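Participant: Dropping a prediction and its sequence here:
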Amino acid sequence: MNKEMLQKTANQIRKDIVTAVYSAKSGHPGGSLSAADVMTYLYFEEMNVDPKNPDKADRDRFVLSKGHNAPALYSCLAEKGYFPVEDLKTLRHTGSYLQGHPDMKHIPGVDMTSGSLGQGISAAVGMALSAKLFNEDYRVFTLLGDGEIQEGQVWEAAMFAGAKKLDNLIVIVDNNGLQIDGKIDDVCSPYPIIDKFAAFNFKVIAVEDGNDFDQLDKAFNEARLTDGQPVAIVMKTVKGKGVSFMEDQAGWHGKAPNDDEYKQAMEELEKAGEA
Amino acid sequence: MAGKKIATRESYGNALKELGEKYQDLVVLDADLAGATKTSTFQKAFPDRHIDCGIAEGNMMGIAAGIATTGKVPFASTFAMFAAGRAFEQIRNSIGYPHLNVKIGATHAGISVGEDGATHQCNEDIALMRVIPGMTVICPADDVEAKAAVEAAYLHDGPVYLRFGRLAVPVINDEESYHFEIGKGITLKEGKDVTLVATGLCVSEALEAALMLEKEGIDAEVINIHTIKPIDEELLVASAGKTGKVVTIEEHSVLGGLGGAVSEVLGTKCPVPTLRIGIEDTFGESGPAAELIKKYGIDAESICRKVKEFV
């Protein structure tokens, strides 16, 4: 997919995210929007996956360790063809298969149940280890929040991945700088993130603008060439990216837009899509 | 066979080694306790399929979950305290909720850990594990049962918690005739006056207590409940209906373990007077295992005395 197509797809996914959260009257738009571009890149450019055969053994895996970005994951999966886009409006509704956090038992294309922060990366490490043990060559991608890396388990998993040289593992950190209680460096700073992953024997690739497809393309191509150690892609992003009043606002971490806000958000995204 | 004693953690290591030969998709994880959990027995035979995760139990459970999603069968091992205790939430959310095919081999359960003391004596694991929906909880009584349980756990599709002990315990089952089935209790001795329901190392203590009680004119039925979840309701209800009095015996807190599970069943399906023998609502302490078993009242003599008072 070329850059223009990726941008158009990401814009559609942003509309899906906002619509799903609006329909649910709750959920997490901020981080979903900051990660919309990298997830679009993964599902429409980078990963070897097939929506017609979601469980094929040699597929690449994706674990959304920051499970509260479920609206972004579901929107990617729906646009990719795993299930009807229309179903996104049932997000978080009683009886819907689209649970508030990813549920691998009921949602086609979800490789791991997640939502309790810090746990997804361990499962991703397990998948990568299994590929090594049984000589399979798929890769495993996992997306973490920059607040999430305050969880100690993330560093247990990182230590293991570095020690066992799992070069089929790509950890992505969505460094939008905000968590529920405010700026990550005010709450309990996880910085320097790049140095930390380097200290755990990762090849670290810093991305200045994780909402730019050229930069993402360069980073993932570099990751593909890395041998003998796991990769961490630490990318600066803007929380709420694409919806002006949500951008860089911690308050939009976990809140649904009201009718007027929804209307404005969709107008902005429509306009961006035409550009 | 008489007089032979083996710790169920030894049985676990031996069973893993045998199964490793038979099943190529079996992987063993440990958290720097391979010598103590006895997964080292497997490690010597299959070094490539034994992964030491270091001292990071929460991560180990997540790794096990990830391996299970790829269709392989991981056995994750550490002490009961650090499996059911420290890694409770990882087991609940990353293994239980997605119902992944992970086997948790928890050794050093209960007070028979001995000298290490209260920090390492997990008397709460059965309670913690059995409240997780879809989790199977097994607590074998001896070597024969433990080895059979490990293979049954491998063959079962879904998460299983296996509880093993550090202390060498008598072999009470005959390997030739023994049959293990998940969820099926075993009546070891028939009786009419009271039902003794035991699990783990308390099964042999209960059998010995039943012999003592016989001398006192009390005819006790003895049931081995190796699977605490799903529990054998049918067997419990039938026996309680026959004897009219039930005593549960376990090396675990009297709250939420075997006694809790049995009381939940009988309370609704066959209410009878019930006595729960186990570790009272307290922490353990350091000391030789055999002395602690006596001090905390789960040895045959204590059981005999408590049952006499109860009936």
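Facilitator: Received the coordinates, thanks.

Participant: ok, now how distant is the residue lying closest to residue B:194 once chain neighbours are set aside from chain A?
Facilitator: In this structure, residue B:194 finds its nearest non-sequential neighbour in residue B:245, 4.4 Å apart by CB to CB, 6 or more residues apart in numbering or on different chains. The way it works is simple: take the backbone N, C-alpha and C, and place the C-beta from them, glycine included. Using CB to the nearest CB, to the nearest Å, residue B:245 is found at 43 Å from chain A.

Participant: So what's the residue count around residue B:245?
Facilitator: Per other CB atoms under 10 Å in any protein chain shown, the neighbour tally for residue B:245 reads 18.

Participant: Contacts only, for residue A:68.
Facilitator: Each residue near residue A:68 by CB atoms under 8 Å, 6 or more residues apart in numbering or on different chains is listed here: A:27, A:28, A:31, A:100, A:101, A:115, A:254.

Participant: one step back: my guess is the residue nearest to residue B:194 meets residue B:310, correct?
Facilitator: Yes. Using CB atoms under 8 Å, residue B:245 is in contact with residue B:310, at 6.9 Å.

Participant: joint contacts of these two?
Facilitator: B:194, B:273, B:275.

Participant: Whichever of those end up buried, select them in PyMOL.
Facilitator: What follows is the PyMOL syntax selecting those of these that are buried according to 16 or more other CB atoms under 10 Å in any protein chain shown:
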select buried, chain B and resi 194+275
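
Participant: List phi and psi for residue B:74.
Facilitator: With angles defined as degrees, to the nearest 10, residue B:74 sits at phi -90, psi 140.

Participant: among the contacts of residue A:68, who's most crowded?
Facilitator: Busiest of the contacts of residue A:68 [other CB under 10 Å] is residue A:31, holding 28 neighbours.

Participant: three-state assignment of that residue?
Facilitator: helix (DSSP: H, G, I helix; E, B strand; the rest coil).

Participant: Could you pick out the residues of chain B near chain A for me?
Facilitator: Residues of chain B lying close to chain A (CB under 8 Å from any CB of the partner chain) are B:27, B:48-49, B:51, B:53-54, B:56, B:58-59, B:61-72, B:74, B:89-90, B:93-94, B:97-99.

Participant: Can I get the buried part of the residues you listed as one ChimeraX selection?
Facilitator: Buried members of the residues of chain B next to chain A, defined by 16+ other CB under 10 Å, are picked up in ChimeraX with:
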select /B:27,49,51,53,56,58,59,61,62,63,64,65,66,67,68,69,70,72,74,90,93,94,97,98,99
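
Participant: In helices, which of the residues of chain B next to chain A appear?
Facilitator: Mapping those onto helices (DSSP state H) picks out B:58-59, B:61-69, B:89-90.

Participant: how about the nearest residue to residue B:269, chain neighbours excluded?
Facilitator: Among residues not flanking residue B:269 along the chain, residue B:237 sits closest, at 5.0 Å (CB to CB, 6+ apart).

Participant: count of residues packed around that neighbour?
Facilitator: Residue B:237 has 16 neighbouring residues, counting by other CB under 10 Å.

Participant: re the thing from before, make TSV out of the contacts of residue A:68 and add distance to chain B.
Facilitator: Putting those into TSV (distance: CB to the nearest CB, whole Å) gives the following:
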residue	distance to chain B
A:27	19
A:28	18
A:31	19
A:100	13
A:101	9
A:115	7
A:254	19
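
Participant: Return the subset of those lying in helices.
Facilitator: Members of those lying in helices (criterion: DSSP H): residue A:31.

Participant: so which pair among the contacts of residue A:68 is furthest apart in space?
Facilitator: For the contacts of residue A:68, the farthest-apart pair by CB to CB is A:31 and A:100; their separation is 13.7 Å.

Participant: Go through the ones in helices among the residues of chain B next to chain A and say which is closest to residue B:12.
Facilitator: Closest to residue B:12, out of all of those and judged by CB to CB, is residue B:64, at 15.8 Å.

Participant: Which residue would be the closest one in the stretch 151-300 of chain B to chain A?
Facilitator: Distances between the stretch 151-300 of chain B and chain A by CB to the nearest CB are smallest at residue B:158, namely 11.8 Å.

Participant: List the contacts of that residue.
Facilitator: Here residue B:158 is in contact with B:99, B:101, B:134, B:136 (CB under 8 Å, 6+ apart).

Participant: do that again at 10 Å, thanks
Facilitator: B:95, B:96, B:99, B:100, B:101, B:102, B:103, B:134, B:135, B:136 (CB atoms under 10 Å, 6 or more residues apart in numbering or on different chains).

Participant: Return the distance of whatever helix or strand residue A:270 lives in from the chain's centre.
Facilitator: In this assignment (DSSP states H and E), residue A:270 forms part of helix A:259-274. Relative to the mean C-alpha coordinate of its chain, helix A:259-274 is positioned 22 Å out (CA atoms, centre = their mean, to the nearest Å).

Participant: Could I get the full set of helices for chain B?
Facilitator: Under DSSP H, chain B gives helices at B:8-22, B:34-37, B:40-45, B:57-69, B:80, B:88-90, B:125-130, B:143-155, B:202-215, B:233-243, B:258-269, B:289-295, B:300-310.

Participant: Among those helices, single out whichever gets nearest to residue A:8.
Facilitator: helix B:57-69 (32.3 Å).

Participant: tell me the mean pLDDT for the closest one?
Facilitator: Helix B:57-69 carries an average pLDDT of 98.

Participant: same check, this time on stretch A:153-173
Facilitator: On average, stretch A:153-173 scores 98.

Participant: And that stretch, what's buried?
Facilitator: Quick answer for stretch A:153-173 (16+ other CB under 10 Å): A:153-162, A:164, A:166-173.

Participant: Kindly state the domain boundaries assigned to chain B.
Facilitator: Following the assignment in automatic domain parsing, chain B carries domains at B:5-170, B:186-310.

Participant: most packed of these?
Facilitator: Most buried of the domains of chain B, by mean neighbour count (mean count of other CB atoms under 10 Å in any protein chain shown): domain B:5-170, with a mean of 23.

Participant: That one: how far from the chain's middle?
Facilitator: 11 Å.

Participant: try stretch A:44-51
Facilitator: Taking CA atoms, centre = their mean, one finds stretch A:44-51 lying 14 Å from the centre of the chain it belongs to.

Participant: Just the CA coordinates for that stretch, please, in CSV.
Facilitator: Presented in CSV, the C-alpha positions along stretch A:44-51 are these (Å, rounded to 0.1, in the frame of the first residue of the first chain):
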residue,chain,number,x,y,z
PHE,A,44,-2.1,-3.0,5.9
GLU,A,45,1.6,-3.1,5.1
GLU,A,46,3.8,-5.0,7.5
MET,A,47,2.3,-8.1,8.9
ASN,A,48,1.7,-11.4,7.2
VAL,A,49,-2.0,-12.0,8.1
ASP,A,50,-5.1,-13.2,6.2
PRO,A,51,-8.5,-12.1,7.4
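
Participant: near chain B, anything from that stretch?
Facilitator: No. Interface with chain B: stretch A:44-51 contributes nothing (CB under 10 Å from any CB of the partner chain), its closest point being 14.5 Å away.

Participant: Please identify the buried residues of that stretch?
Facilitator: A:44, A:45, A:46, A:47, A:49.

Participant: Can you name the residues that contact the nearest residue in space to the third one that is not next to it in sequence?
Facilitator: On the basis of CB to CB, 6+ apart, the spatially nearest residue to residue A:46 that is not a chain neighbour turns out to be residue A:220, at 5.3 Å. If a contact means CB under 10 Å, 6+ apart, then residue A:220 has A:38, A:41-42, A:45-47, A:141, A:170, A:172, A:205, A:207, A:231, A:233 as its contacts.

Participant: Also residue B:244?
Facilitator: Contacts of residue B:244 (CB under 10 Å, 6+ apart): B:192, B:193, B:194, B:195, B:270, B:272, B:273, B:311.

Participant: Looking at the residues you listed, which are in strands?
Facilitator: B:194, B:195 (DSSP state E).

Participant: of the contacts of residue B:244, the lowest pLDDT goes to which?
Facilitator: residue B:311 (95).

Participant: For the residue nearest to residue B:194, give me phi and psi.
Facilitator: When read as degrees, to the nearest 10, the backbone of residue B:245 gives phi -150, psi 140.
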